[in-house]
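Participant: could you work out the structure for the sequence below:
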Amino acid sequence: MSKASEYPIRGALRVHEADNVATAIADIAPGAALFAGSDLRAAVAVARGHKIALAPIARGAAVIKYGFPIGTATTDIAPGEHVHSHNLVTALDGGGDYHYAPPPAARAAAAAAPSRTFSGYVRPDGRTGTRNEIWILPTVGCVGNLAARVARIAGERHAGRIDGVHAFKHPFGCSQLGDDLGHTRALLAALAQHPNAGGVLIVGLGCESNQLGALLDLIPATRRASIRTLSAQAVEDDEAACLALVDELVEACADAPRTEVPLAKLVLGVKCGGSDGLSGLTANPLVGRMADAVAAAGGKVVLTEIPEIFGAEQLLMDRAVSRAVFDETAALVRDFKQYFLRHGEPVSENPSPGNIAGGITTLEEKSLGAVQKGGTVPLADVRRYGGEAVLPGLTLLEAPGNDAVSSTALTAAGATVILFTTGRGTPLGFPAPTLKIASNSALAAHKPGWIDFDAGQVLDAGFYAAAEALLDLIVTTASGAPTRAEVNEERDIAIWKSGVTL
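Facilitator: Numbering: from 1, shown residues only. Predicted coordinates for the structure are as follows:
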C-alpha cells in the first residue's frame, strides 16, 4: 500500500495510482478544479475529508481508495461527483477466506534505525518505564472511591518525590462469570506489572468474585516485590491502611533514577479515535513511520482495535513472520467477527456518526486507513486480551475498537507511550502517556488543550519534516515531558465487558 504523496496539488489528494476517488483536503466549491493542470472539477460542494470521483464508476462497481476496494457504488457516479453514504455501501460480510504467503527469506529493514535515546526508568525485570508512578488498582468497583481518595491524599503527600499517584477506578470485578470475569482479572493483573508503575497497591473488598488471591496467581512471583495488597473488609481503618502501604511503596521507588536508554526499550501503542477523511492520509501514515522507526531500533509496537481492521486484515496477514502467526491472526479476526454475529450485529456496523460526518463512508475505508498506523513492520506476534507484548516488531492485540477499552488494553500489553490519532478530537487519557495527534490543522488550532501534535502539517511540509518532529516529541515525552491529557488529569481505564451480569 502506498501512503499519501509528499505534496498535494490544489484541493484534493489521490493516495494511490489505482484509486478512482480523491479526498478533499479543504472544502471545495462547485466548479472548483481538483488538481492543477487538470480539467476535472467538482460537480457539487464537497467538504474536507470527503471523496470525489475521478472517473466514471458504474453501479455495482468497486470504489477504490488506498489501492483497494472500500465498497460498492449503489448508482452510476460521474467524475467530479461527491462519493459518500448516499451512493456507496460496504461489501463486507462475516466471511474469512484468508490466504497465507510465506515471508521472503530475508526481509529488508522497515526503516533505518534511528540513533535516538530517551531517559527512562530501568526496572528489575529489564523493562523500561517512561514514568515512575504509584498505581492503585481496585479489584472491584465497590472500592473504587476508596482507591481514588487514597490516591488524592497520597499524591499531595508525596508530590515531587515520584511522578504521581493514580487510582484506576472501574465498575467490574463482581457479578461476572467465566471469560467475562477472566477478562477483568487478566487486564488488572497485566496493569499491575506495568513498568511505568514503580509500585502498585491492589485493593479488594473481600467478598467480590475477583478475589485477590486468584488475581495474584496471574502475576509471576518475580514481579510481586513492588506490589502490595489490601482487603478492605479485613481492617478497621481501610483508608489509613491503604495510605500506609502507599507510603511504603513510595519509599521503595522514590529514588529510582532516570537512565539514558536506546529507542529499542520503548513499547509503542498505536490507536485512532474519532477519525475523519484525512486520518488515513496524514496522521495514521505518520504514526506508521513512528512504528517503523521504533521497530527498526529493536522496539515493540502494539496494534489493536480488531473490528477496525475488518476489510484490511489480509494486508496485516501478508506481513506475518510465520505460518503460526498467520493462523493466530486469522483465528483472532474470525473470532471477533463471530462475536459480532452471535450478538446479531453485522461486522460492518462502523463507521461512527462522527467518522461519517468527517468523510469516512465504509468500514473498509476506515480499516485501510487505520492499519497504516502499523507502518511496514513485520507482524511478529498475536496476543489475546490482557496479554503482554514480548517480541520486537509488531504485535496484534485482541481488543474492541472502543477508545477507552482498546487504549487500556494497549497499556496492559506494556505500551509505555501511546500515539492516538484523531480527526474529531477527544479529551480522554489513559494510564500510559498518550499523545493526541490531530489529522488536520483546524482541529489542532481549535483544541490546543487536547492536541499534542498537528499531523495536518504533512499536507504543507511533507512527511519527512513531520516525522522528525513527532519522533522528537515521542522522545521528550518518554523522558518525562507531560502530555496534554496528563496536564488535564485525564487518566482512566475501561475494561471489556463481554458477558452476562448476575
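Participant: ok, Val382 touching Ala330?
Facilitator: No: in this structure Val382 lies outside contact range of Ala330 using CB atoms under 8 Å: 9.5 Å. Heads up, the C-betas are built off the backbone N, CA and C, glycines and all.
Participant: and those two? which has more neighbours close in?
Facilitator: Val382 (23 against 20; other CB atoms under 10 Å).
Participant: quickly list what the more buried one is bridged to.
Facilitator: Leu396 (DSSP bridges).
Participant: next, the nearest residue to Gly298 once chain neighbours are set aside: phi, psi?
Facilitator: Spatial nearest neighbour of Gly298, chain neighbours left out: Ala264 (3.4 Å); criterion: CB to CB, 6 or more residues apart in numbering. Dihedral pair for Ala264: phi -60, psi -20, per degrees, to the nearest 10.
Participant: I figured Ala264 hits Ala295, correct?
Facilitator: No: the criterion here is CB under 8 Å, and Ala264 misses it with Ala295 at 9.4 Å.
Participant: identify the contacts common to the two.
Facilitator: Pro392 (CB atoms under 8 Å, 6 or more residues apart in numbering).
Participant: would you map the helices across the chain?
Facilitator: Secondary structure of the chain, counting by DSSP state H: helices at 144-157, 178-191, 212-216, 238-253, 283-296, 313-317, 323-342, 353-357, 363-370, 403-412, 441-446, 458-461, 463-478, 484-487.
Participant: for Phe430, find the nearest of the ones you listed.
Facilitator: helix 403-412 (4.4 Å; CB to CB).
Participant: the closest one: how far from the chain's middle?
Facilitator: From the chain centre to the centre of helix 403-412 is a distance of 7 Å (CA atoms, centre = their mean, to the nearest Å).
Participant: could I have the CA atoms of it written out in CSV?
Facilitator: This file holds the C-alpha atoms of helix 403-412, laid out as CSV (Å, rounded to 0.1, in the frame of the first residue of the first chain):
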residue,chain,number,x,y,z
ASP,A,403,-11.2,4.2,22.5
ALA,A,404,-11.0,3.7,26.3
VAL,A,405,-11.2,-0.1,26.2
SER,A,406,-8.6,-0.6,23.5
SER,A,407,-6.2,2.1,24.9
THR,A,408,-6.4,0.4,28.3
ALA,A,409,-5.6,-2.9,26.7
LEU,A,410,-2.6,-1.3,24.9
THR,A,411,-1.3,-0.1,28.3
ALA,A,412,-1.9,-3.6,29.9
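Participant: mind starting the numbering at 7 from now?
Facilitator: Got it, the first residue is 7 from now on, which makes the last one we talked about helix 409-418.
Participant: what packs against it?
Facilitator: helix 184-197, strand 273-278, strand 423-428 (3 or more CB pairs under 8 Å, 6 or more residues apart in numbering; DSSP states H and E).
Participant: what would the ones you listed look like in CSV with mean neighbour count and mean pLDDT?
Facilitator: What follows is these, written out as CSV (neighbours: other CB atoms under 10 Å; pLDDT from 0 to 100):
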stretch, mean neighbour count, mean pLDDT
helix 184-197, 21, 96
strand 273-278, 29, 97
strand 423-428, 28, 98
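Participant: who wins for proximity to Lys372 among the ones you listed?
Facilitator: strand 273-278 (8.7 Å).
Participant: neighbouring contacts of the closest one?
Facilitator: 133, 285, 289-290, 293, 296-297, 300, 305-311, 314, 375-376, 379-380, 395, 409, 412-413, 416-417, 419-428, 438, 480.
Participant: shaky segments in the chain?
Facilitator: Residues of the chain meeting the criterion pLDDT under 70: 7-16, 100-102, 110-119, 353-356.
Participant: contact partners of the longest strand anywhere in it?
Facilitator: In the chain, taking DSSP state E as the definition, the longest strand is strand 203-210. With CB under 8 Å, 6+ apart as the test, strand 203-210 has contacts from 127, 135, 138-146, 149, 152-153, 156, 168, 194, 197-198, 216-218, 221-222, 232-238, 248, 251-252, 255-256, 258-260, 262.
Participant: ChimeraX command for the buried members of these?
Facilitator: Buried residues within these, by 16 or more other CB atoms under 10 Å, are selected in ChimeraX with:
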select :127,135,138,139,140,141,142,143,144,145,146,149,152,153,156,168,194,197,198,216,217,218,221,232,233,234,235,236,237,238,248,251,252,255,256,259
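Participant: find the nearest non-adjacent residue to Gly392, please.
Facilitator: Ala192 is the one closest to Gly392 (CB to CB, 6+ apart), at 2.9 Å.
Participant: any idea how far the one you found is from Ala246?
Facilitator: 31 Å (CB to CB, to the nearest Å).
Participant: do Leu449 as well
Facilitator: The separation that Leu449 has from Ala246, given CB to CB, amounts to 46 Å.
Participant: higher neighbour count, these two?
Facilitator: Neighbour totals were compared for Leu449 and Ala246, and Leu449 leads with 25 against 11 (other CB under 10 Å).
Participant: about what we covered before: between the longest strand of the chain and helix 150-163, how big is the angle?
Facilitator: Strand 203-210 and helix 150-163 are oriented at 150 degrees to each other (axes from the mean of the first three to the mean of the last three CA atoms, to 10 degrees).
Participant: contacting residues around Arg54?
Facilitator: By CB under 8 Å, 6+ apart, the neighbours of Arg54 are Ala30, Ile31, Ala32, Asp33, Asp282, Gly283, Leu284, Gly365, Asn446, Ala448.
Participant: hmm, back to that, tell me which of the helices and strands packed on helix 409-418 sits nearest to Val50.
Facilitator: strand 423-428 (27.5 Å).
Participant: strand partners (parallel or antiparallel) of that closest one?
Facilitator: By DSSP bridges, strand 423-428 pairs with strand 273-278 (parallel), strand 440-444 (parallel).
Participant: how about those strands in CSV, adding distance to Ile83?
Facilitator: Output for the strands paired with strand 423-428, formatted as CSV (distance: least, CB to CB, whole Å):
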stretch, distance to Ile83
strand 273-278, 27
strand 440-444, 30
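Participant: geometric centre of this protein: which residue is closest?
Facilitator: When CA atoms, centre = their mean is applied to the chain, the residue found nearest the centroid is Lys277 (2.0 Å).
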